[in-house]
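Enquirer: Provided below for reference: sequence and predicted model.
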Amino acid sequence: MTKITSICCIGAGYVGGPTMAVVAKQCPHIKVTIVDLNEARIAAWNDVDVNNIPVYEPGLSEVVAEARGRNLFFSTDVDRAIEEAEMVFISVNTPTKTYGAGKGMGADLKWIELCARQIARVSKTDKIIVEKSTLPVRTAEAVRDILHNTGNGVNFQVLSNPEFLAEGTAVDDLLNPDRVLIGGDANPEGQEAVQALVDVYANWIPRERILTTNVWSSELSKLVANAYLAQRISSINSISELCEKTEANVNEVARAIGTDSRIGPKFLKASVGFGGSCFQKDILNLVYISRSFGLQEVADYWEQVIIMNDHQKKRFALNIVKDLYNTVSGKKIAFLGWAFKKDTNDTRESAAIYVADELLNEQATIQVYDPKVEDKQIYADLDYLGTRSPDLNKKGVTVSEDPYAACADAHAIAVLTEWDEFIDYDWQRIYDGMLKPAKIFDGRNILDHKKLRAIGFKVSGIGM
Ligand SMILES: NC(=O)C1=CN([C@@H]2O[C@H](COP(=O)(O)OP(=O)(O)OC[C@H]3O[C@@H](n4cnc5c(N)ncnc54)[C@H](O)[C@@H]3O)[C@@H](O)[C@H]2O)C=CC1
Ligand SMILES: O=C(O)[C@H]1O[C@H](OP(=O)(O)OP(=O)(O)OC[C@H]2O[C@@H](n3ccc(=O)[nH]c3=O)[C@H](O)[C@@H]2O)[C@H](O)[C@@H](O)[C@@H]1O
């Protein structure tokens, strides 16, 4: 049986970095090298001040501090790390395609293919290749084909090992996962590779939580898990709109249904809409795959989750306009939060971007405060949409490092991210500094609405 002593991970992003740092922490006997083409990113992972690592996750800098230099290494020398490793994880980005067939729907697998070709070219010894990126079902077939047809005659086993961590809780999720999923071939070589990876995780995860399946079930389960989670959010968000028409309260409805053990309480928090790099991308991918097999009804069913989410983001923005007497032109709206959820500096597909875009179309001026997101990221997010010139985005949006300054002289505040610190602000002070009537649109239902109303705010939540 293969006992793994050296691992390479291609891709030092939000998944590769935390995942492999935890593997290194929990397995001091395994040398883990994380490689990336992005030199700035690797330099940041190697920064002498461990607080400057490029991914903000509670507890991550401590994990990196413990393992870095001992058995955890970050490098741009991709070839060397592949060559030295017995097991190579591929954890590169797999975004939605922006060109050609499947544009806007299918996953762009060009980085996966580049990795496969590089591994094939460089490898001089047998290796286990692990798909850590989220991939369309049957991608392993293509990876295997490239490895076997362009390699140096060495043996490769391809496993699927999708990652289920959520940002903001990545370290906890990795240390104590609900399950780890490993898909491999049924033949003896495939099963030996599966066992080698099971043995890595078994260093800290109880064996009964390590599930093994065939490769295709594993690849597909990742897309389905994200689709189910996102579907719950779109479902409760659809009900939030009905609540607003009927004087029902979506928090009460969520509690009432969530206490049914068959439904369960998680992922029932109505919001301004889900964001993050994966839910939308993975559902679009599922829709695209279904359509490519001619499964129109299946595709339409899942696509509705995205349609509902887009509606929720737009509805939030348009409610602000409506409530501010049908015009926000020249009015200042303060945004509390830009990240797609709390405890992360990640802004990919954040609802805040789309809400800002709608309000800028209405000629609002926006001042953003987010405890972890830098101004250049905010402008990059808006520029990426291509709705208006970078100059106009800079004119319409300013970024503040102080929440009180961001809210000063504003007509309204929109809460876009559920950062805990927002709850405990001195709301009287904020109220005093705002134009009246002072309005709050709580896109996360996190603030104490009763208390705010007592101060004098006009408060709108989601679904109430
Ligand atoms: N972000 C998340 O919370 C989760 C993401 N995933 C999946 O994990 C995968 C990676 O996601 P993230 O880490 O968020 O992406 P990311 O964009 O943060 O990181 C990917 C990294 O791969 C590097 N890269 C791309 N091609 C390369 C190559 N040929 N050689 C070396 N480096 C290369 C890029 O420079 C980048 O730094 C995606 O498939 C995603 O769907 C899965 C679970 C959670
Ligand atoms: O594949 C991925 O990338 C990951 O996607 C999600 O993780 P993540 O996007 O990091 O964060 P979530 O906690 O799932 O939140 C996603 C979005 O939904 C929103 N959300 C979440 C829960 C809820 O009840 N309501 C709600 O609006 C969040 O604010 C956020 O914008 C999944 O939870 C992970 O299991 C998965 O590994």
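Expert: On my side now, so go ahead. Ligands and ions are numbered 1, 2, ... in the order given.
Enquirer: going forward, measure contacts between C-alpha atoms and count neighbours the same way
Expert: Noted.
Enquirer: Would you mark the buried spots in stretch 71-83?
Expert: 71-76, 78, 81-83 (16 or more other Cα atoms under 10 Å).
Enquirer: low-scoring stretches of the chain, by residue?
Expert: Within the chain, the stretches with pLDDT under 70 are 1.
Enquirer: Farthest out from the centre of it, which residue is that? Tell me.
Expert: G153 (37.6 Å; Cα atoms, centre = their mean).
Enquirer: circling back to that earlier point, quick one: mark the members of the buried residues of stretch 71-83 that sit in strands.
Expert: 72-75 (DSSP state E).
Enquirer: what does the stretch 201-350 of the chain have sitting close to ligand 1?
Expert: C278 (Cα under 6 Å from any ligand atom).
Enquirer: who's in contact with M434?
Expert: 407-412 (Cα atoms under 8 Å, 6 or more residues apart in numbering).
Enquirer: And these, which two are furthest apart?
Expert: A408 and A412 (9.9 Å; Cα to Cα).
Enquirer: hmm, back to that, include distance to C27 when you put the ones in strands among the buried residues of stretch 71-83 into JSON lines, please.
Expert: Listed next are these as JSON lines, based on distance: Cα to Cα, whole Å:
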{"residue": "L72", "distance to C27": "10"}
{"residue": "F73", "distance to C27": "14"}
{"residue": "F74", "distance to C27": "17"}
{"residue": "S75", "distance to C27": "19"}
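Enquirer: just checking, R179 touches T212?
Expert: No - counting by Cα atoms under 8 Å, R179 sits too far from T212 to count as a contact (10.2 Å).
Enquirer: Near ligand 2, which residues of the stretch 301-450 of the chain are found?
Expert: 340-341.
Enquirer: Just the buried ones from the contacts of M434, in PyMOL syntax?
Expert: Burial among the contacts of M434 is assessed by 16+ other Cα under 10 Å; the matching PyMOL selection reads:
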select buried, resi 407+408+409+410+411+412
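Enquirer: From the contacts of M434, pick the one nearest N237.
Expert: Distance to N237 across the contacts of M434 (Cα to Cα) is lowest for A412, with 22.6 Å.
Enquirer: which residues does the closest one bridge with?
Expert: I333, K439 (DSSP bridges).
Enquirer: so it makes contact with V328?
Expert: No - if you go by Cα under 8 Å, A412 and V328 don't touch, sitting 9.8 Å apart.
Enquirer: According to the record, where do the domains of the protein fall?
Expert: 6-213, 307-460 (automatic domain parsing).
Enquirer: can you put those in CSV and add distance to S261?
Expert: Shown next, in CSV, are those (distance: least, Cα to Cα, whole Å):
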stretch, distance to S261
domain 6-213, 18
domain 307-460, 24
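Enquirer: List just the one of the ones you listed that sits closest to G294.
Expert: Of all the domains of the chain, domain 6-213 comes closest under Cα to Cα, at 14.3 Å.
Enquirer: Any part of the closest one near ligand 2?
Expert: Yes - applying Cα under 6 Å from any ligand atom, one finds domain 6-213 in contact with ligand 2 at 163-167.
Enquirer: Can you select the buried ones from these in ChimeraX?
Expert: Restricted to buried positions by 16+ other Cα under 10 Å, the ChimeraX selection for the residues of domain 6-213 next to ligand 2 reads:
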select :163,164,165,167
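Enquirer: Quick check: which element contains the residue nearest to K341 when sequence neighbours are not counted?
Expert: In space, and not counting its chain neighbours, K341 is closest to T417: 5.4 Å by Cα to Cα, 6 or more residues apart in numbering. Counting by DSSP states H and E, no helix or strand carries T417.
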